[in-house]
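Peer 1: Sequence first, then the predicted structure:
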Amino acid sequence: MAARLAHVGIAVPSLAEALRFYRDVLGLEPTGRPETADGAAIVSLPFGDTVVELLEPCDPASPVAKFLAKRGPGIHHVCYRVPDLDAALARCRAAGYRLVDDTPRRGAGGRRIAFVHPKATAGILLELTE
């Protein structure tokens, strides 16, 4: 399996407000129930083989809350699905890429995830998952 786009995370101040566009304009409904991870409520919207995750902070100290305070609503991160997360992280370390997560942790849906620091990836926070 080659690496592919898993999802795009979008920071929003209000899930209810953001969902109006996706429902009213695009006719999309969230998949499953909202989840909570890293201090944010997460709603997933299907876009073919990928997903858009809307992220609303639940905790004022969460990464999403800090992102909104600094940059306002917008793309928070891009997530790539890789065939072997541990191997991808080892390659990042060997190449000198700065990691937010040195080892995988559990994210939304119980998936193993790790983030690569935006200073290492042209300003984009990248999430890697299997």
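Peer 2: Structure's in. What do you need? Small disclaimer: the values here were computed from a predicted structure and weren't measured.
Peer 1: Which residues does the strand or helix carrying residue 91 contact?
Peer 2: Take DSSP states H and E as the rule and residue 91 turns out to sit in helix 85-95. By Cβ atoms under 8 Å, 6 or more residues apart in numbering, the list of residues contacting helix 85-95 from outside reads 3, 82, 99, 101-104, 112-114, 116, 120, 128-130. (Glycine included, C-beta is placed from N, CA and C.)
Peer 1: From those residues, pick the one nearest residue 17.
Peer 2: Compare each of the contacts of helix 85-95 with residue 17 using Cβ to Cβ and the shortest gap goes to residue 113, at 26.5 Å.
Peer 1: what about residue 18, which SS state?
Peer 2: Using DSSP: H, G, I helix; E, B strand; the rest coil as the criterion, the local structure at residue 18 reads helix.
Peer 1: in a strand, that's where residue 22 is, yeah?
Peer 2: No - when the secondary structure is assigned by three-state DSSP, residue 22 falls in helix instead of a strand.
Peer 1: Excluding chain neighbours, give the residue nearest to it in space.
Peer 2: The spatially closest residue to residue 22, leaving aside those adjacent along the chain, is residue 28, at 4.6 Å (Cβ to Cβ, 6 or more residues apart in numbering).
Peer 1: returning to that earlier point: can you give me the buried ones in the helix holding residue 91?
Peer 2: Within helix 85-95, the residues that qualify as buried by neighbour count (16 or more other Cβ atoms under 10 Å) are 85, 88, 89, 92.
Peer 1: Adjacent strands (with direction) for the following helix or strand past that helix?
Peer 2: Following the chain from helix 85-95 toward its C-terminal end, the next helix or strand by DSSP H and E is strand 105-106. According to DSSP bridges, the neighbouring strands of strand 105-106, each with its direction, are strand 112-116 (antiparallel).
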